[in-house]
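> Here you go, sequence then predicted model.
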Amino acid sequence: MQEWLNRHWVAAALCTAILLTVLMPILAQRWPPAWLLIFAMLPIYMFHQVEEHTGDRFKKLVNQHVFHGLEALTPLAVLWINLPGVWGVGLLSIYAAGFLNIGWGLSMVYLVLVNAVAHVVAAVLWQKYNPGLWTALALFVPVGTLALFEVARVPGVERIHHEVGLAVGIGIHAAIVVYTRGKAAKIARQPVS
C-alpha cells in the first residue's frame, strides 16, 4: 500500500484539488466568504503539493541541499507529512470550524501561511527556486491572507483561535525539522560498511 501511495498520491492530490475547486462556485452560493475560504485551504494546499512533490522534487532538494546527500526526508515521511499532516489537519480544521467555532478553521489557514513563509525564506536564503515556491506566492499568500482577515471578522472568533492555529502551523513545520534533523544525525552516526 505504501509503495502505491508513494507513486500515486500526488496525482490523487491534483484530481482532488480540481474536483474541490470546481465545486466552489456552487458552495459560494450558500456559504459566507469566511467559510468558503476555510474550505479553499484544502484544494489550494493540494495544488501546492503537486508543484512541490511531482517527481519527488522537494524530497530531492531537501536531501541534497540541506542534508548533503543523506536521505533525511524519506518517501514514508513525505507521505505522513502530506496525507495526515496536511489533508488530515485540513479535514479536522473544517470539521472543527463547522461543529465548534469557525475560528478553529484558522489552523489550516495558519498552516498555509507558515508554509508560504518557509518557502519564501528558503528562496531568499538559497537565492534560488524551491519546489512549491510559485504556488506559495500565487495561492498561499493572497488566499491565506484573505482567509485570515475574513475569518477574524466573524463574531465569536477570538484570540485563542489565532493562537492555536498559529501553534498548529508552526508546530507541524517544527516537527518536520526535528524529524529530518534527527534522521540525518542517525544516518551520519551509522558506520560505513
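Arrived safely, thanks for sending.
> What is the helix ranked longest in the chain packed up against?
With secondary structure taken from DSSP state H, the chain has its longest helix at helix 159-189. Helix 159-189 sits against helix 75-82, helix 106-126, with contacts defined as 3 or more CB pairs under 8 Å, 6 or more residues apart in numbering; DSSP states H and E. For glycine as for every other residue, the C-beta is placed from the backbone atoms N, C-alpha and C.
> angle of that helix against helix 75-82?
170 degrees (axes from the mean of the first three to the mean of the last three CA atoms, to 10 degrees).
> quick one: buried residues of helix 159-189?
Of the residues in helix 159-189, 161-162, 164-166, 168-169, 172-173, 176, 179-180, 183-184 count as buried by neighbour count, 16 or more other CB atoms under 10 Å.
> Quick check: of those, which lies closest to G144?
G169 (10.0 Å; CB to CB).
> re earlier: quick one: distance of the longest helix of the chain to the chain centre.
Between the centre of helix 159-189 and the centre of its chain there are 12 Å (CA atoms, centre = their mean, to the nearest Å).
> Can you check what angle separates it from helix 106-126?
Using the same axes, to 10 degrees: helix 159-189 against helix 106-126 is 50 degrees.
> For helix 159-189, the averaged confidence score.
Helix 159-189 comes out with an average pLDDT of 91.
> in this structure, which ranges drop under the pLDDT threshold?
Filtered on pLDDT under 70, the chain yields the residue ranges 192-193.
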